[in-house]
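> okay, predicted coordinates and the sequence, questions at the end:
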Amino acid sequence: MIEMQYLAPIMFGSLVFAMLIGFPVAFTLGGLGLGFGFYAVSQGFFPEAFLSNLPLRLFGIVSNELLLSIPFFTFMGAILERCGLAEDLLEGTGQLFGSKPGGLGFAVIIVGAILGAITGTVAASVIAMGVISLPVMMRNGYNMRYATGVIAASGTITQLIPPSLVLVVLADQLGRSVGDMYRGAIGPSIMQTGIFLLYTLGVAIFRPQWVPPLPEEARTERGWTLVKRVMWGMLPSIVLIFLVLGTLFMGLATPTEAGALGAIGGMVLAALHRRLTPSLIWQAMDSTMRVTAMVIFILLGSSVFSLVFQGVDGNKWIEHLLSNLPGGPVGFLIVVNIFVFFLAFFLDFFEIAFIIVPLLAPVADKLGINLVWFGVLLCVNMQTSFMHPPFGFALFYLRGIADQIFKNKAIERPIESKDIYLGAIPWVLMQLMLVAVVIFWPESVTYWLDKEQKVNVDDVKIEVQIEDTSAPDAAASVASGAASAVPTPAPDQLNVPAPDVAGDDDPTKAVKDAIGK
């Protein structure tokens with residue numbers, strides 16, 4: 001027989017082991033939750049009625065209107081991935097910055113940030129920029145490791161820039177509004193983009209041979225033609241960003257409504273580029289169905305696991321482990337981010353958000369940590385999961401693109417996996433640098449949030465109007481009927497000593513005693 005105090009650690013260890021051997025996460029969570037739940041009931045750790053909460057939790061998930069924003073944003077990203085907007089943005093900005101050393105690197109970073117603000121999916125950004133920019137960079141003598149690194153890293157900015165799906169999921173798990181999560185991510189998004197641009201500028205200054213400018217014959221567009229090309233990509237993007245984020249920040253739309261506006265806007269952009277076909281819509285719907293089903297199944301499984309885990313006091317076990325760490329809240333954040341960083345080698349960001357975050361959030365709240373800050377910090381950390389050699393999904397996307405480009409003879413020699421992995425390391429270090437900045441500078445997140453109205457209780461004054469109660473009380477009123485004809489003696493005739501206001505709680509006590517006599 002397993003004692004209850006050991007059941008929570010065994011549950012958590014079993015979960016980690018099952019995921020490491022490759023068993024599907026959703027079924028691992030649900031199966032372990034039910035198995036340990038039935039065992040706990042058989043041993044009397046909690047009653048059968050405790051599991052009756054499970055149907056209510058599952059119904060609450062599928063009826064959660066906030067989660068409707070996930071298929072809307074996914075559909076929007078799937079449409080924009082294939083509508084030609086990325087090509088217009090990359091080709092226009094590449095021509096605009098191409099005359100300078102590192103110009104194509106600057107163009108990739110800026111376009112990656114813009115695509116992140118309108119698609120919300122890493123795959124769309126990495127694939128689009130890889131197909132368009134990687135052959136141009138290779139043909140013009142760019143360092144292979146820099147080129148692969150900047151494309152993969154610029155695609156992962158999508159994880160952090162609103163309307164990121166990760167922020168939607170974290171808002172749901174932390175019990176905070178999506179609008180607050182999006183506002184909190186503004187500062188780190190700007191800083192991440194700025195760090196990447198500064199690194200490219202440093203490379204252009206100290207290693208200009210790595211990032212040469214485009215030759216004169218490659219810059220085919222100039223003047224008003226180039227301006228129109230850039231604006232044709234930028235203006236629709238700005239309008240779509242306003243439709244999604246502007247309406248949300250201004251309070252004109254809920255996250256689900258903003259996602260619906262984004263989906264319609266993406267279809268309009270595809271129509272403007274003359275690529276809105278039944279085939280495109282079908283592919284976008286298929287991709288949306290797969291992502292949404294995956295998210296919902298993981299969420300249902302994690303709900304089963306977390307209910308049983310709480311029933312065996314797993315939340316108290318986690319709290320005991322993490323609340324007494326040295327360094328207080330900062331020590332807690334450092335340990336948690338190191339843990340999440342290494343966990344991201346093996347788990348997808350959805351799995352981390354649904355499994356780990358619900359265990360950590362109560363401890364963070366108890367330590368007085370702003371949960372929006374905590375959620376954005378985890379999002380900054382989890383974007384590194386796409387860049388981890390050798391398991392990062394962005395590196396897998398780039399690996400597939402590189403092979404296809406070589407087969408199409410767009411580049412002269414194949415790109416080795418070693419170059420992709422080594423090229424990712426500087427960018428992962430820059431992402432970890434941002435994690436440290438957000439830990440030690442929480443205002444980078446909280447500055448963008450609505451300020452709470454603080455009330456100083458010492459300045460609060462309560463004025464109560466008290467009616468005149470100098471008339472005799474109930475004892476005198478009872479006797480007034482019998483002694484109405486008897487004149488009431490004056491106070492000086494009662495021989496009542498002056499009340500000691502300083503030492504007596506009730507100054508009228510002496511008068512009442514005299515009247516009673």
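Yep, it's here.
> buried residues in stretch 139-146?
Within stretch 139-146, the residues scored as buried using 16 or more other Cβ atoms under 10 Å are 140, 142-146. For the C-beta atoms, the positions are set from N, CA and C on the backbone; glycine is no exception.
> I meant to write stretch 105-122 there.
For stretch 105-122, a neighbour-count test (16+ other Cβ under 10 Å) marks 105-122 as buried.
> again with stretch 80-98
If you call a residue buried by 16+ other Cβ under 10 Å, then stretch 80-98 has these buried ones: 80-86, 88-98.
> keep only those of those residues that are in helices.
Under the assignment DSSP state H, the buried residues of stretch 80-98 contribute 80-82, 85-86, 88-97 to helices.
> give the other helices and strands that the one helix or strand Gly13 maps to contacts.
In this structure, Gly13 sits in helix 4-20 according to DSSP states H and E. Helix 4-20 is packed against helix 25-42, helix 278-311, helix 314-322, with contacts defined by 3 or more Cβ pairs under 8 Å, 6 or more residues apart in numbering; DSSP states H and E.
> switch to 6 Å and redo it
Helix 4-20 sits against helix 25-42, with contacts defined as 3 or more Cβ pairs under 6 Å, 6 or more residues apart in numbering; DSSP states H and E.
> which SSE is immediately downstream of the helix it packs on?
helix 53-62.
> what does that next one rub up against?
Residues from elsewhere that reach helix 53-62 (Cβ atoms under 6 Å, 6 or more residues apart in numbering): 299-300, 303, 307.
> repeat for stretch 168-184
By Cβ under 6 Å, 6+ apart, stretch 168-184 touches 66, 69, 162, 167, 248, 255, 353, 357-358, 361, 371-372, 375-376, 445, 448-449.
> mind redoing it with 7 Å?
The contact list for stretch 168-184 (Cβ atoms under 7 Å, 6 or more residues apart in numbering) reads 66-67, 69-70, 162-163, 167, 245, 248-249, 255, 350, 353-354, 357-358, 361, 371-373, 375-376, 378-379, 445, 448-449.
> farthest pair within the buried residues of stretch 139-146?
Greatest spatial distance among those (Cβ to Cβ): Asn140 and Arg145, at 15.5 Å.
> on that earlier part again, keep only those of the contacts of stretch 168-184 that are in helices.
69-70, 167, 248-249, 255, 350, 353-354, 357-358, 361, 371-373, 375-376, 378-379, 445.
> which stretches of the stretch 201-350 of the chain aren't confidently modelled?
In the predicted model, the stretch 201-350 of the chain carries pLDDT under 70 at residues 217-219, 221.
> what of the chain?
1, 119-120, 217-219, 221, 389-391, 408-410, 450-461, 463-517.
> which residues touch Glu351?
So Glu351 contacts 25, 298 (Cβ under 7 Å, 6+ apart).
> ok, the one 4 residues further on next?
Each residue near Ile355 by Cβ under 7 Å, 6+ apart is listed here: 29, 302.
> for the most centrally placed residue in the chain, which residues are in contact?
The centroid of the chain falls nearest to Leu167 when counting by Cα atoms, centre = their mean (2.9 Å). Contacts for Leu167 were tallied using Cβ under 7 Å, 6+ apart; they are 178, 181-182, 185, 379.
> which non-adjacent residue is nearest it?
Using Cβ to Cβ, 6 or more residues apart in numbering and skipping the chain neighbours, the partner closest in space to Leu167 is Met181 (4.4 Å).
> kindly report the same for Gly130.
Once flanking residues are discounted, Gly130 sits nearest to Ile401: 3.9 Å by Cβ to Cβ, 6+ apart.
> equivalent analysis for Ala78, please.
Ala284 (3.7 Å).
> over to Gly259?
Using Cβ to Cβ, 6+ apart and skipping residues adjacent in sequence, the residue nearest Gly259 is Phe72, 2.9 Å away.
> same check on Leu252?
Once flanking residues are discounted, Leu252 sits nearest to Gly246: 8.0 Å by Cβ to Cβ, 6+ apart.
> check Pro426 too.
Counting by Cβ to Cβ, 6+ apart, Pro426 lies nearest to Gly149, which is 6.3 Å off, once chain neighbours are set aside.
> that neighbour: what secondary structure?
Under DSSP: H, G, I helix; E, B strand; the rest coil, the three-state class of Gly149 is helix.
> so what's it up against?
Shown in contact with Gly149 (Cβ under 7 Å, 6+ apart): 423-424, 426-427.
> with Leu371 instead?
174, 176, 361, 364-365 are the contacts of Leu371 under Cβ under 7 Å, 6+ apart.
> buried ones among those?
Burial by neighbour count, judged by 16+ other Cβ under 10 Å, picks out 174, 176, 361, 364 from these.
> which SS class is the second one?
This means Arg176. coil.
> about what we covered before: so what's the gap between the helix holding Gly13 and the chain middle?
Its chain's C-alpha centre and that of helix 4-20 lie 26 Å apart, by Cα atoms, centre = their mean, to the nearest Å.
> what residues sit buried inside that helix?
For helix 4-20, the neighbour count (16+ other Cβ under 10 Å) marks 7-8, 11-12, 15, 18-19 as buried.
> go on, stretch 434-448?
Neighbour-count burial for stretch 434-448, counted by 16+ other Cβ under 10 Å, picks out 434-435, 437-439, 442, 444-446, 448.
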